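[1] Next comes the sequence, and after it the predicted model I'd like to discuss.
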Amino acid sequence: MAVKSLPPKSHMWINESSYIHITNQPLASPTSDFLKRVHACVAMLQIDDPRYNIKIYGQFMAEIPSRMGHNPALDDAANALANAFPYLHTRKFPSHVLYLHNQSLRSLRSCLDNPVQAQTSHTLCAIWLIVICQNWIGVHGQYPNHGRAMTQIMNAAVDRKWETTFEAGLITSISAYILYESITHPDIALDTRHFERASASLKCNGLGSGKIPAEMINLRHIARISTFMRYPDIHHDEIVLIYQRLYQAIDSMIPYVESTRSSIDFSRCSITYDELAPFLTAQAGCNMIISLALILNGLQQSFGDKDPSLSQQAVFLCDRIASSIESATCYRPLGSSYAPVCLIATWPVASDPITRRRIEALMMQYEQDLNGSRMMGCSLWIRSIFTGLNARMVDGASREIYDPAAFGMQKEACIIV
C-alpha cells in the first residue's frame with residue numbers, strides 16, 4: 001500500500017534545496033514579527049501530504065494559530081516548530097532553527113516561574129510542541145526531558161474544567177505520550193482522572209460508536225502497564241486480566257482498521273491527509289494497543305504460565321505489527337511516527353526468526369527518522385525485565401533490571417514522539 005503521488009503543488013513540493021516550500025497565502029502580507037510567526041504556523045498546518053501533516057500529533061494543533069499572542073512560551077514553541085518543519089525530511093537543521101528551539105526553552109522556563117502562566121493549557125501546549133521539536137532536531141539526552149513538567153502541570157490542574165475541544169485534544173495526546181513515558185520513568189505518575197478524561201474525549205470524537213471496543217480507549221487500565229513493568233511479581237492476576245481484555249479488543253479492532261482502509265480509493269493519483277486520517281488513526285491506535293498487549297504477553301510467558309495460547313497469540317500479534325508497519329513506511333516520517341514504540345515493544349516477544357528479522361529491518365529504517373536514538377537498546381531493556389522475572393520464577397534469583405542506562409542508552413531514547 002502506498003500513496004501514489006505527492007499532493008498538488010498548491011500544497012507542497014520538495015526541491016533540490018532540501019526545503020519544503022509552501023505556496024498557499026491564507027493571510028495578508030505580514031507586517032510584524034508576530035504575524036510572520038502566525039503565518040508560518042498556518043502554512044505548516046496546511047500541508048496536506050500524509051507524510052508531513054502536523055495534525056498527526058492531534059487535531060487540536062489546528063487551533064494553535066488562533067491561540068498565539070497570549071502566552072510567550074506557546075508563541076516561541078510554535079515558531080520554533082514551524083521553522084524546523086521545512087527541514088524535517090532531511091533532518092539537517094540550520095543554526096537558526098536550533099537558536100529558535102533554545103529560545104523556546106528559555107521562554108518556557110520564564111512561564112514556569114510565573115505561578116499564573118505555569119498552570120495554563122497554553123503553557124502545557126508549549127511543552128508539547130517543544131517535545132515534538134526536540135524529537136525532530138536533538139540528540140536524545142542533549143535536551144531536558146519534559147515529561148515531568150507536563151505531568152506536574154496536568155496534575156495541578158486536574159480539578160480545573162478544561163473542556164474546550166483544544167484542551168480535550170491536548171490532554172488526550174499528552175496522556176498517551178505520558179503513558180509510554182512512564183514505563184521508563186518511574187517518577188512520572190499522571191492522575192488517573194486525566195486518563196478517564198482522555199478516554200471520554202476519545203469516545204466523544206466517534207470512537208465510542210460501538211465499532212471500537214471500549215477497552216481500546218480505556219486509558220486508565222492501560223496506564224497500569226508501567227506499574228506492571230516495575231513490579232510484575234505482585235500483579236500477576238491483574239496482568240492476566242488486562243491482557244485478556246486487550247486481546248479480545250484487538251480481535252474486534254483489526255476488522256475495523258481494515259474497513260477504514262477499504263473505504264479509501266488508493267488508485268487515485270493523490271490522496272489527502274483528511275481522506276487517510278480515519279485509517280491512519282485507527283491503524284496507529286490498534287498497533288499501539290497491540291504493542292502494549294505484547295508486553296503483557298511477554299510478562300505472562302516470563303512468569304512461566306502454562307497457557308499454550310500465549311505463544312501462539314504472540315506470534316500472531318508480532319506478525320500483525322510487522323506487516324502493518326511495513327505497509328505504513330510510505331507515510332514516514334510523521335504519518336507513521338507511532339511505529340518506533342511498537343517495534344521496540346514487539347522485538348523482545350518475537351520468537352519467530354523471520355518475524356524478528358523483519359522487525360530489525362524496520363528498526364533500521366525508522367532509526368533514520370530519530371536523531372541519536374537506538375531502538376534496539378530499548379528493546380534489550382524490556383527483554384531484561386522478562387529474563388529477570390523468569391529467573392526469579394525459576395530459581396529465585398534477584399537482579400537489577402529496571403535501569404535503561406545499563407544498556408548504553410539514555411532513558412529519553414526509550415520513548416519516541
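    Sure, I can see it.
[2] Every contact and neighbour count from this point should use C-alpha atoms.
    OK.
[3] host element of Thr227?
    Taking DSSP states H and E as the definition, one finds Thr227 inside helix 225-230.
[4] got the CA coordinates for that helix in PDB?
    Once non-C-alpha atoms are left out, helix 225-230 reads as follows in PDB (Å, rounded to 0.1, in the frame of the first residue of the first chain):
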ATOM      1  CA  ILE A 225       1.200  -1.300  32.400                       C
ATOM      2  CA  SER A 226       4.000   0.900  33.600                       C
ATOM      3  CA  THR A 227       3.400  -0.400  37.200                       C
ATOM      4  CA  PHE A 228       3.400  -4.000  35.900                       C
ATOM      5  CA  MET A 229       6.700  -3.400  34.300                       C
ATOM      6  CA  ARG A 230       8.300  -2.200  37.500                       C
END
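[5] Tell me where the chain has strands.
    Along the chain, the stretches classed as strands by DSSP state E are 13-14, 20-21.
[6] for the protein, what's the longest helix?
    Scanning the chain for the longest helix, with DSSP state H as the assignment, gives helix 273-303.
[7] show me what contacts Asn297?
    Taking C-alpha atoms under 8 Å, 6 or more residues apart in numbering, we find Asn297 in contact with 243, 310, 314, 349.
[8] Among these, which one has the most neighbours?
    By neighbour count, taken as other C-alpha atoms under 10 Å, the most surrounded of the contacts of Asn297 turns out to be Val349 (26 neighbours).
[9] And for that one, nearest residue in space, chain neighbours not counted?
    Among residues not flanking Val349 along the chain, Gly298 sits closest, at 5.8 Å (C-alpha to C-alpha, 6 or more residues apart in numbering).
[10] rank the strands of the chain by pLDDT, which is bottom?
    For the strands of the chain, the stretch scoring lowest in mean pLDDT is strand 13-14; its value is a mean of 36.
[11] Show me the shaky parts of the stretch 101-250 of the chain.
    Low-confidence regions of the stretch 101-250 of the chain, defined by pLDDT under 70, span residues 139-147, 154-162, 184, 186-187, 189-220.
[12] quick one: the helices in it?
    Using DSSP state H, counting those that start in this stretch, the helices of the stretch 101-250 of the chain run over residues 121-137, 147-156, 165-184, 192-202, 219-222, 225-230, 236-262.
[13] Deepest in the core, which of those is it.
    For these, the largest average neighbour count (mean count of other C-alpha atoms under 10 Å) is found in helix 121-137, namely a mean of 23.
[14] Check which helices and strands that helix sits against.
    Contacts of helix 121-137 with other secondary structure elements, assessed using 3 or more C-alpha pairs under 8 Å, 6 or more residues apart in numbering; DSSP states H and E, are made with helix 72-84, helix 95-112, helix 147-156, helix 165-184.
[15] in the second one, what counts as buried?
    Going back to what we said before, that points to helix 95-112. Taking 16 or more other C-alpha atoms under 10 Å as the neighbour-count basis, helix 95-112 is seen to contain the buried residues 97-98, 100-105, 107-108, 111-112.
[16] Burial check on the residue nearest to Val349, number of neighbours?
    Residue neighbour count, defined by other C-alpha under 10 Å, stands at 24 for Gly298.
[17] Would you mind splitting this structure into its domains for me?
    Structural domains assigned to the chain are 9-137, 219-417, following automatic domain parsing.
[18] Now the ones you listed in CSV, please, with extra columns for distance to Ile153.
    Formatted as CSV, the domains of the chain follow (distance: least, C-alpha to C-alpha, whole Å):
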stretch, distance to Ile153
domain 9-137, 6
domain 219-417, 18
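[19] Could you work out which of these reaches nearest to Glu167?
    Each of the domains of the chain was scored for nearness to Glu167 using C-alpha to C-alpha, and the closest is domain 9-137 (6.6 Å).
[20] how near is the nearest residue to Asn79 once chain neighbours are set aside to Asn71?
    Leaving out its chain neighbours, the residue that sits closest to Asn79 by C-alpha to C-alpha, 6+ apart is Arg37, at 5.7 Å. Separation of Arg37 from Asn71 (C-alpha to C-alpha, to the nearest Å) stands at 13 Å.
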